[in-house]
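Enquirer: Coordinates for the following, if possible.
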Amino acid sequence: MNATTDQGDAYGFKARWMAEKNREAADAARVAYNFPPSVREERVNYYLAEADRWDAIADRAQHGDRNNVR
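Expert: Numbers count the residues shown, from 1 in each chain. As a prediction, this is how the structure comes out:
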């Protein structure tokens with residue numbers, strides 16, 4: 001069931017929040033000098049990939065999954 005304008009978007013809101021937290025973690029990983037540069041870059045890439053994944057989940061919650069129509 002799609003949310004109307006007067007209903008909250010709990011799944012989308014939580015997913016956007018998680019995406020933002022992963023972007024913040026990526027920013028922190030950029031300056032985590034206790035790791036060598038290669039590991040820092042791996043960590044940044046991981047957190048940014050997770051942020052993209054959460055954004056995709058939020059988009060599906062907001063717009064519906066058009067690839068999975070029954």
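
Enquirer: other SSEs contacting the lowest-mean-pLDDT helix or strand in the chain?
Expert: When the helices and strands of the chain are scored by mean pLDDT, DSSP states H and E, helix 10-30 comes last with a mean of 92. If you count contacts as 3 or more CB pairs under 8 Å, 6 or more residues apart in numbering; DSSP states H and E, helix 10-30 packs onto helix 37-63. The way it works is simple: take the backbone N, C-alpha and C, and place the C-beta from them, glycine included.

Enquirer: now the least confident helix or strand of the chain: how far from the chain's centre is it?
Expert: Chain-centre distance of helix 10-30: 5 Å, with CA atoms, centre = their mean, to the nearest Å.

Enquirer: Now do the buried residues in that helix.
Expert: 12, 15-16, 18-19, 22-23, 25-26, 29 (16 or more other CB atoms under 10 Å).

Enquirer: before we move on, what about stretch 58-66?
Expert: In stretch 58-66, counting by 16+ other CB under 10 Å, buried: 58, 60-61.

Enquirer: of those residues, closest to A49?
Expert: A58 (15.1 Å; CB to CB).

Enquirer: need the contact list for the closest one.
Expert: 11-13, 15-16, 19 (CB atoms under 8 Å, 6 or more residues apart in numbering).

Enquirer: Please apply the same query to R30.
Expert: Taking CB under 8 Å, 6+ apart, we find R30 in contact with 40, 44.

Enquirer: what about A32, neighbour count?
Expert: 12 (other CB atoms under 10 Å).

Enquirer: how close does R23 sit to Y33?
Expert: To Y33, R23 is 20 Å away according to CB to CB, to the nearest Å.

Enquirer: And for I57?
Expert: 32 Å.

Enquirer: Which one of those two is surrounded by more residues?
Expert: I57 (18 against 8).

Enquirer: Surely the more buried one and A15 touch.
Expert: Yes: contact criterion CB atoms under 8 Å: I57 and A15 qualify, at 4.3 Å.

Enquirer: Now for the two: what residues contact both?
Expert: Contacts common to I57 and A15, judged by CB under 8 Å, 6+ apart, are absent.
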